[in-house]
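Trainee: Sequence first, then the predicted structure, then my questions.
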Amino acid sequence: MLIEHQHPDNRSIMVAVLGAPNVGKSSLINHLLGMDLSVVTPLPQTTRNKIKCVTTVDHTEIILVDTPGLHKSAQEINKRYNQQAREGVDVADLNLLLVDLTREVLPQFTHFRDMVEKELGPTWIVFTKSDRIEDAASLPLAEVIERAKEVLPEIQKWFVISSKTGENVHTLTGALVDAAQPGPHLFPDGDVSDKNMRFFSAEYIREQAFLLLKEELPYEVAVTIDDYREMGADKKDKKPSKIECMISASIHVNRPSQRAIVIGGGGAMIKEIGTRARRKIEAMVGGQVHLNLHVKVSPRWFKNNFLLEEIGLPRAEDSARVWRKREPKQSQEERPWNP
Ligand SMILES: Nc1nc2c(ncn2[C@@H]2O[C@H](COP(=O)(O)OP(=O)(O)OP(=O)(O)O)[C@@H](O)[C@H]2O)c(=O)[nH]1
Ligand SMILES: [Mg+2]
């Protein structure tokens, strides 16, 4: 879709945000956007899909593609997460490789080179979590970059940032604006993502499950939206005054014992997940939300092609066997998030 009547000064850039799990990809994107769009938790492998997130600086559109953390695994679902990240590289004009300063840095470059399996375009390095290092300025990062170029000759620039304090994020933003090329914007004004509010509703329910459940259980949880209905939202009117939204969602777990934990004693856990998720969804839709959650035992859902496709994870190039495709269930008509 090309938006008509574009300003002649318009510029655009598509940036893939890449790196190992938990390095701070989604946090940086949220900081650049100035809103909590993408899900962030202390757990690795929080992000499961590639998500285009859009911000505009004057006439420059910056599309940041959030991606799952690249990691080695023979499991089908992990192959699909990695595929999502690699597809981020395919669409990008520029790659940002995030390197966590709180871990050993050089192995993160070799790990990325091994995992990405793609020809890379221009790549910038963003060292993250500088606030957690006592004297980040004294680190020999120029030397690190020289050594990193031996495995990643595509490296052009590097930055040291903190998404927590905002340190240097404005320098990165300025560099992205400078790197954008003249051309039309790809998203309508005000749209914040290529994913609709139905997708983000599932994300915000999963976020609360990640934050509230312990140990391995978050990884055994998936969320699907069974029914999503918005009343009072005239699609032509981008800022409806009175919206009511009815959402029915399923939290899938692998085993009956996990279902009992997600429900909790007297339903306390599911109530807490629902209450917290609902608040965030209400802020997104700009109205009242009725959220109906069910906990379903879906044995080995992480190997079930239908469910994987439903949560936006089609088969990967290295999937174990050819999986049957299902027609998308979700209507494309649904309202994008345009605050
Ligand atoms: N102190 C500090 N913590 C950070 C910073 N950036 C991210 N974090 C924390 O690191 C953890 C992981 O952050 P995410 O943004 O979810 O990392 P990610 O790379 O998107 O992780 P995955 O989606 O799992 O691949 C969270 O607890 C964040 O709050 C930072 O600049 N400083
Ligand atoms: Mg993430």
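Mentor: Okay, I see it. Ligands and ions are numbered 1, 2, ... in the order given.

Trainee: and the closest residue to Asn168 other than its chain neighbours, what is it in contact with?
Mentor: Nearest in space to Asn168, with sequence neighbours left out and distances taken as CB to CB, 6 or more residues apart in numbering, is Ile161 at 4.5 Å. All C-beta spots, glycine's among them, are computed from the backbone N, C-alpha and C. Contacts for Ile161 (CB atoms under 8 Å, 6 or more residues apart in numbering) come out as Leu28, Val126, Phe127, Thr128, Ser130, Glu167, Asn168, Val169, Thr171, Leu172.

Trainee: so what's Ile13 closest to, chain neighbours aside?
Mentor: Nearest to Ile13 is Ala180, by CB to CB, 6+ apart, at 3.8 Å.

Trainee: Which residues does Met246 form beta bridges with?
Mentor: Arg229, His290 (DSSP bridges).

Trainee: quick one: low-confidence ranges for the protein?
Mentor: Across the chain, the ranges flagged by pLDDT under 70 are 1-2, 233-241, 321-333.

Trainee: Ala175 belongs to a helix?
Mentor: Yes. The assignment for Ala175 is a helix, going by DSSP: H, G, I helix; E, B strand; the rest coil.

Trainee: count of neighbours near it?
Mentor: 14 (other CB atoms under 10 Å).

Trainee: Repeat that for Pro44.
Mentor: 14.

Trainee: Ok, Arg132 next?
Mentor: 12.

Trainee: doesn't Leu101 make contact with it?
Mentor: Yes. Using CB atoms under 8 Å, Arg132 is in contact with Leu101, at 7.0 Å.

Trainee: Look at Glu150 and give its secondary structure.
Mentor: The local conformation at Glu150, judged by three-state DSSP, is helix.

Trainee: now the contacts of Ile161 in JSON lines, with neighbour count and distance to Ser38?
Mentor: Below are the contacts of Ile161 laid out as JSON lines (neighbours: other CB atoms under 10 Å; distance: CB to CB, whole Å):
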{"residue": "Leu28", "neighbour count": "25", "distance to Ser38": "9"}
{"residue": "Val126", "neighbour count": "24", "distance to Ser38": "16"}
{"residue": "Phe127", "neighbour count": "26", "distance to Ser38": "20"}
{"residue": "Thr128", "neighbour count": "24", "distance to Ser38": "15"}
{"residue": "Ser130", "neighbour count": "21", "distance to Ser38": "20"}
{"residue": "Glu167", "neighbour count": "14", "distance to Ser38": "20"}
{"residue": "Asn168", "neighbour count": "16", "distance to Ser38": "20"}
{"residue": "Val169", "neighbour count": "17", "distance to Ser38": "15"}
{"residue": "Thr171", "neighbour count": "12", "distance to Ser38": "21"}
{"residue": "Leu172", "neighbour count": "19", "distance to Ser38": "17"}
